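Novice: no sequence for this one, just the structure:
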C-alpha cells in the first residue's frame with residue numbers, strides 16, 4: 001500500500017496547479033499545536049515549507065454531528081497523505097477519500113460527533129506549499145440553489161432513500177465578450193466508502209449540467225457530491241468576477257433513448273485514417289480514428305410526457321437551458337477496438353452512452369474500389385440538406401502527374417447561408433480545411449477552389465469529406481454540391497491585342513437610355529494568354545456568343561476569360577477589364593460629355609471637303625466628329641480620298657452615322673460610307689476614325705486624306721425605307737421606293753436592282769460620278785457590325801437598346817403620335833436587396849419601362865428596367881441596397897409609325913428593402 005501511495009504521488013507531480021475559492025457555510029475556530037493562527041471552517045489557509053520539510057498539524061473541533069471534509073490542494077512541490085487522530089492520539093479512519101488529478105487536490109471525508117476533536121497531520125516537502133480548507137458536508141435537496149462569485153469548491157451529500165429520481169447540477173455558464181466560458185465547472189460524485197488511492201481514478205468526473213446518472217435512487221447509502229470550478233486559460237475575463245447560479249434539478253422520468261443516424265451513413269476506408277497498434281500480447285491490428293458525430297445525427301429521449309430530440313453534438317458546456325428537467329443527457333463514445341478489432345466485412349461496433357443508457361453503433365469498412373469517385377473534368381454531385389452535416393469518402397486516381405484543383409460549386413442560396421467544406425487525403429500534406437479561393441458566380445452559385453494538390457499519376461487517393469450547408473432561413477429543400485477535378489495549366493501572363501482604334505464614346509450619342517453602346521472587337525482583335533509551359537493561347541472574338549473564345553485543350557481553359565464592363569459611367573476615362581485567374585488588363589474608354597463633344601464637333605456641308613490628319617503611329621487612331629444637315633431628302637455617302645505612301649502603307653477606316661441618338665450606319669475598311677438615306681433638315685452625326693500603318697517612308701510623320709459628303713440620288717419625302725442590319729458576313733436589304741440593294745460585307749459582294757436592271761460586282765458598290773481612290777485597306781481591323789442603315793420608317797433590327805422617345809410635330813396631324821394606355825402598380829413585395837413589382841397588364845402595347853430610385857424625383861441612384869414582353873405583369877429588381885427606401889414608377893410604350901411613344905408615369909409607389 002505504501003509503495004502504491006508513493007507511485008501515485010510521483011504521478012501527480014506533473015499535473016496543473018490552480019487556485020480555488022470555496023463556499024463558507026460555517027465559521028468555527030480551530031486550534032493547532034504548531035501555529036497560533038485561528039482556523040475557521042470554510043476558509044482557506046496557506047502553508048509553505050522553505051528549504052527543509054515540515055510536518056503540519058491542524059486541530060479542529062466538530063460543531064455538530066455529521067460529515068466533514070478536509071481539502072488539501074498542492075500549489076507547489078509535494079505533500080504526503082494526511083493522517084487524522086483524535087485527542088488521545090488514536091488514528092481516525094476517513095469515511096472516504098477522493099483525489100482530483102486536474103488540480104492536485106486531495107479531499108478526506110470524516111464522520112464526527114459534536115465536540116469531537118481531531119487533528120490532521122501532513123508533511124510538506126522542501127519548497128512546497130498547499131491550501132487547506134475544512135468544511136461541513138451538508139445534505140443537498142431538490143431545487144437547492146447556490147450562488148458563487150469567482151471559483152468555487154464545495155461538497156454535499158445526497159440521500160437517495162428520500163427521492164426516487166435522477167438529478168443534475170444545472171448552471172448557466174458565465175462567458176466573456178467572445179462567448180468563451182470563464183470557468184471550467186465539473187462535478188465528482190461517488191457512493192461507496194473509497195479509501196484506496198488507486199480507486200480515485202474511477203470516481204465519476206463530469207461537466208456541470210450533466211445528469212448524475214450512476215446515482216441509484218433505490219440505494220440506502222448516501223452519495224457524496226463535490227462540485228468545483230477553476231478559470232479557463234482561453235477566456236479574456238477575470239475568473240474572480242465570474243457569476244455562477246447553480247441549481248439541483250430533478251430530472252423528468254423517461255423510458256429510454258433512441259439514436260438517429262444520418263440520411264447517408266458514414267463508412268471508414270480499409271487501413272486509412274488510423275495507425276497500426278501492437279498490444280501487450282504482441283498482436284498487431286489497425287486502429288481507426290473516427291468521430292461518433294459521423295455516425296449519429298441526433299438522439300431522441302422518450303420522456304413520460306413526450307419525446308424530445310437533441311443534436312448529436314449537444315454539450316453541457318454550451319447548454320442554453322441548464323435548469324430544464326429535460327436537458328442533461330449528452331452523448332459520449334466508448335471505443336472497443338482494443339478487444340474488437342475492426343476489419344472489412346466484420347461486425348464492427350463502438351459504444352455510445354447517454355447518462356446510464358448504452359447502445360452499440362455498427363461501423364462499415366469499405367475497400368478503395370467500393371467508393372464513389374471524383375471525376376476528371378466531370379461532375380460528381382452530392383445532395384445536402386440545410387444544416388445537416390454530410391460525411392462522405394470519395395476516391396480519385398490522377399491520370400497524370402501535376403498540380404490539381406478541386407472545384408466545388410454550391411447551388412444559389414441566400415445571404416444567410418455559408419458552407420463548410422473540409423477534406424483530408426491519405427497524404428497528410430494535402431489537408432485542406434479552407435478553400436484557396438471563393439467566387440460568387442453570375443448565376444448565383446458559389447464556387448470554391450482547392451488549388452495546388454500535388455497528386456501523382458496512378459496513385460489511389462481517398463478524400464474524406466465533411467460538408468455542411470448552413471442556412472438560418474432554410475427550408476427542407478436539398479442543395480446540390482458539385483465536385484470537379486481539373487489540372488489547370490499555370491498562367492504566367494496575358495495581353496490585349498488592340499486594333500488601334502481609339503475607344504472614344506460620346507454622351508448623348510453612344511449612350512442609349514443611360515447605357516453606353518459599343519463593340520469590343522472594334523478595339524480588341526484578340527487576347528493572348530501565355531502559360532508557364534510556354535504555350536500561348538489566343539482568344540478571338542466570337543460573334544455568336546458575343547465573347548472571346550478559343551478551342552485550346554481543356555487544361556488551358558479551366559479559368560475562363562471574363563469581361564467586366566463599367567458599373568457607373570462618367571465623363572473622362574472609363575475601363576473595361578479583361579480578367580483571367582485573378583489577373584486583369586484594362587481597355588480605357590474615353591467618354592466626351594456634351595460640352596466637350598460640342599467643342600470638338602465640326603460642321604460639314606454637301607460637297608464640302610475637309611482635311612483630316614493621320615499620324616504615323618501604329619498604336620493610335622485619328623478621329624474626328626462631323627455634323628451634317630442635308631437640305632433635301634436623298635441618298636448620301638462620305639468619300640475619303642488618299643494616296644498611300646508606298647506599297648506597304650495601310651489605311652484602316654471606321655465610320656458611324658447617328659440620327660437622334662440612334663446608330664443608323666456602321667462601316668469598316670471602305671473608302672466610302674455605304675450610301676445612307678438622309679432626311680432633309682435632320683441632324684446627322686458622323687464619327688470618323690482612321691489608322692495609318694506600315695509606312696516605309698521614315699521622313700513622313702503624317703498624311704492628310706480629304707473627306708467629302710456627296711449626294712448619290714434624290715428621293716421624294718414620302719420614300720418608304722426599310723432596312724435590316726446584320727453583323728459581319730450577313731446580308732443587308734434596303735428598300736427605297738423601287739430601288740432594292742443587297743449588300744454583303746467582308747469580301748464584299750453587291751447586287752443592285754434598279755427597275756428591271758440587275759448588276760453584280762465583287763468590290764465596293766460603285767457610285768455614279770465618284771472617283772475611286774487608290775487607298776489600300778487593312779484587313780486586321782475586324783468588324784463587329786456592318787451594313788446599310790438609313791433613316792427608316794420601319795426598323796427590323798433587334799438590339800438591346802432602350803427605345804428613344806420621339807415626339808411628333810403638332811403642326812402635322814398625319815405624323816401625330818398617340819400615347820399608349822397607362823398601367824398601374826398593383827402590388828410591391830420587398831426582400832433583402834430586391835423588390836418584386838406586380839402591375840396591371842395592358843393590351844396593344846409593346847412593353848413596359850420601370851424606374852426605381854432613392855428619391856421621389858428619380859434623380860438619385862436610378863435603375864431603369866425595359867421589358868419587351870407585353871405579356872408579363874411581374875418582375876424583380878435585384879442588387880439594391882438593404883434597408884433602403886426606394887420609389888417605383890411604371891409606364892407602357894408602343895411603336896407608332898416607326899416611332900416610340902410612351903404613356904405617362906403612373907402612381908409613384910415607395911417601399912423599403914429588407
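Specialist: Received the coordinates, thanks. Since this is a predicted model, take the numbers as computed values, not measurements.

Novice: correct me, but residue 400 touches residue 457?
Specialist: Yes - the criterion here is C-beta atoms under 8 Å, and residue 400 meets it with residue 457 at 5.0 Å. Every C-beta, even on glycine, is put in place using the N, C-alpha and C of the backbone.

Novice: joint contacts of those two?
Specialist: Here residue 400 and residue 457 have no joint contacts, going by C-beta atoms under 8 Å, 6 or more residues apart in numbering.

Novice: okay, now the residue nearest to residue 468 when sequence neighbours are not counted: neighbour count?
Specialist: Nearest non-adjacent residue to residue 468, counting by C-beta to C-beta, 6 or more residues apart in numbering: residue 420, 4.1 Å away. Residue 420: 12 surrounding residues under other C-beta atoms under 10 Å.

Novice: can I assume residue 649 is in contact with residue 692?
Specialist: Yes - the pair residue 649 and residue 692 passes the contact test of C-beta under 8 Å, sitting 7.4 Å apart.

Novice: per-residue confidence for residue 588?
Specialist: For residue 588, the pLDDT comes out at 91.

Novice: And for the one 4 residues further on?
Specialist: The per-residue pLDDT reported for residue 592 equals 85.

Novice: again, but for residue 585
Specialist: 94.

Novice: low-scoring pLDDT stretches of the stretch 351-500 of the chain, where are they?
Specialist: Applying pLDDT under 70 to the stretch 351-500 of the chain flags residues 413-414, 426-434, 474-475.

Novice: Now for the closest residue to residue 372 other than its chain neighbours: which residues touch it?
Specialist: Closest residue to residue 372 apart from its sequence neighbours, by C-beta to C-beta, 6+ apart: residue 394 at 5.2 Å. Applying C-beta under 8 Å, 6+ apart to residue 394 gives the contacts 371, 372, 373, 374, 380, 462, 463, 465, 483.

Novice: and the next element down the chain from whichever strand or helix holds residue 394?
Specialist: Assigned by DSSP states H and E, residue 394 belongs to strand 390-396. Counting by DSSP H and E, the element after strand 390-396 in chain order, helix or strand, is strand 402-410.

Novice: Go through that next one and flag the buried ones.
Specialist: 402, 404, 405, 406, 407, 408, 409, 410 (16 or more other C-beta atoms under 10 Å).

Novice: Kindly report the same for stretch 577-592.
Specialist: For stretch 577-592, using 16+ other C-beta under 10 Å, the buried residues are 578, 579, 580, 581, 585, 587, 589, 591, 592.

Novice: OK, contacts around the second one?
Specialist: Going back to what we said before, that points to residue 579. Residue 579 touches 561, 562, 563, 564, counting by C-beta under 8 Å, 6+ apart.

Novice: Pull the contacting residues for residue 137.
Specialist: 66, 67, 68, 69, 109, 155, 156, 157, 224.

Novice: partners of the one helix or strand the fourth one maps to in the sheet?
Specialist: The secondary structure element spanning residue 69 is strand 66-76 (assigned by DSSP H and E). Applying DSSP bridges to the sheet, strand 66-76 is found paired with strand 105-112 (antiparallel), strand 129-139 (antiparallel).

Novice: In terms of secondary structure, what does the helix or strand that comes right after it contact?
Specialist: Downstream of strand 66-76, the next assigned helix or strand under DSSP H and E is strand 83-86. Here strand 83-86 is seen to pack against strand 91-92, strand 117-124 when contacts are counted using 3 or more C-beta pairs under 8 Å, 6 or more residues apart in numbering; DSSP states H and E.

Novice: bridging residues for residue 254?
Specialist: Beta-bridge partners, per DSSP bridges, of residue 254: residue 303.

Novice: Oh, that last question was meant for residue 106, not what I typed.
Specialist: In beta-bridge terms (that is, DSSP bridges), residue 106 pairs with residue 72, residue 99.
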